[in-house]
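> Structure of the sequence below:
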Amino acid sequence: MARKLILIVFALLITGSTVWFVRNWAGQRSPVTETAQVETQPVQQNVRILVAATELPAGTLVQEQHLKWQAWPEDDDVEDLYIVEDANDRTLEDFIGTVVRQGVVAGEPVTDSRLVKPGQSGFLAAVLNPGKRAVSIPVDMTSGIAGFVFPGDRVDVILTHSLIGESETEGETSAPRRASETILTDVRVVAMDQSTNDQTQEASVRRVATLEVTPKGAEIVAVAKQLGGLSLSLRALARVEDEEKSKDGKVAFKTERGRGHTWDSEASRLITGETPRTGIPTTVINVVRAGEAKQKLFD
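As a prediction, the model looks like this:
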């Protein structure tokens, strides 16, 4: 009995020693797995490139608000691909007045191939709206409204010329008559001389006005140049609203005077007022009294 008790005590001592040894050994060892620390390096954006601030459809005349500089990751060929700020002495102002050759979405980098500058091939063609034509007419201090017509303005084109009418006497002609007529209305000015920048509002006398017209309008201008002198009539930016036609939140404007004409007799009371064909005075009143009709002429 005593022998069994001694064996049990001895087994307990061995078990306790083993447990104590294992616990001390495990506590002294360093962890097998260590957490790796990964450091994320921020992307270096040391350059800024030219991008579109808004959507720029093809044909847009570029203004300052259309472009901006945006930070861009630096790369070896970034200056070859994009327009980099302060590279090759190029500034944002260098691109104002250019025309978008191919549409650019907002935030997209702007490249030289997307823009066409004044004087480059295809510049004026990029300015025109689809289906339109460009024609040029000579202007001076008077016909060009003292230099206060700028690209982007809307004008009417007036032709002033002389007409030789027929006389009542066979084989003779009446005295020449002069008249002016509006041959084109509400046309856009795309350039004055070689300037298409509508942000430069400094008045100066120009020699040539380039207008955007329809194909028929281009033919009218070509003939009108041979008939007499051409002048511009500047239209107001504001228009008069037509309250009767404005419905459902849509604003309608009153129709302005279209193509018309004026005879010399309407400008001067000293001219007889006879039309070139009939010789009838401009103002004829029929007066009926007691069933008898008479004509009275008025100056």
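
> Stretch 17-32 - what's its average pLDDT?
Mean pLDDT, computed over stretch 17-32, is 65.

> cool, and stretch 233-248?
Mean predicted confidence for stretch 233-248 is 75.

> Output that stretch in CSV, but only the C-alpha positions, please.
C-alpha atoms of stretch 233-248 as CSV (Å, rounded to 0.1, in the frame of the first residue of the first chain):
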residue,chain,number,x,y,z
SER,A,233,-26.2,97.4,-89.0
LEU,A,234,-25.5,96.2,-85.5
ARG,A,235,-28.3,94.3,-83.8
ALA,A,236,-29.0,94.6,-80.0
LEU,A,237,-28.2,91.6,-77.8
ALA,A,238,-31.5,92.0,-75.9
ARG,A,239,-34.8,91.1,-77.6
VAL,A,240,-38.4,92.1,-76.9
GLU,A,241,-40.4,89.3,-75.4
ASP,A,242,-43.8,88.4,-77.0
GLU,A,243,-46.1,87.8,-74.0
GLU,A,244,-48.9,86.4,-76.2
LYS,A,245,-46.8,83.7,-77.7
SER,A,246,-44.8,82.8,-74.6
LYS,A,247,-46.5,79.8,-73.1
ASP,A,248,-45.7,76.8,-70.7
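
> buried ones in that stretch?
For stretch 233-248, a neighbour-count test (16 or more other Cβ atoms under 10 Å) marks nothing as buried. The C-beta positions use only the backbone N, C-alpha and C, and glycine is treated the same way.

> same deal with stretch 213-222?
Buried-residue list, stretch 213-222, by 16+ other Cβ under 10 Å: 213, 217-218, 220-221.

> Which of these fall in helices?
217-218, 220-221 (DSSP state H).

> Of the buried residues of stretch 213-222, just say which sits nearest to Ala52.
Val213 (30.0 Å; Cβ to Cβ).

> if I read this right, the closest one contacts Thr185, doesn't it?
No: contact criterion Cβ atoms under 8 Å: Val213 and Thr185 do not qualify, at 10.6 Å.

> sorry, back to before: kindly reformat the ones in helices among the buried residues of stretch 213-222 as a markdown table containing distance to Arg239 and pLDDT.
Converted to a markdown table, those look like this (distance: Cβ to Cβ, whole Å; pLDDT from 0 to 100):
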| residue | distance to Arg239 | pLDDT |
| --- | --- | --- |
| Gly217 | 21 | 94 |
| Ala218 | 26 | 94 |
| Ile220 | 24 | 94 |
| Val221 | 25 | 94 |
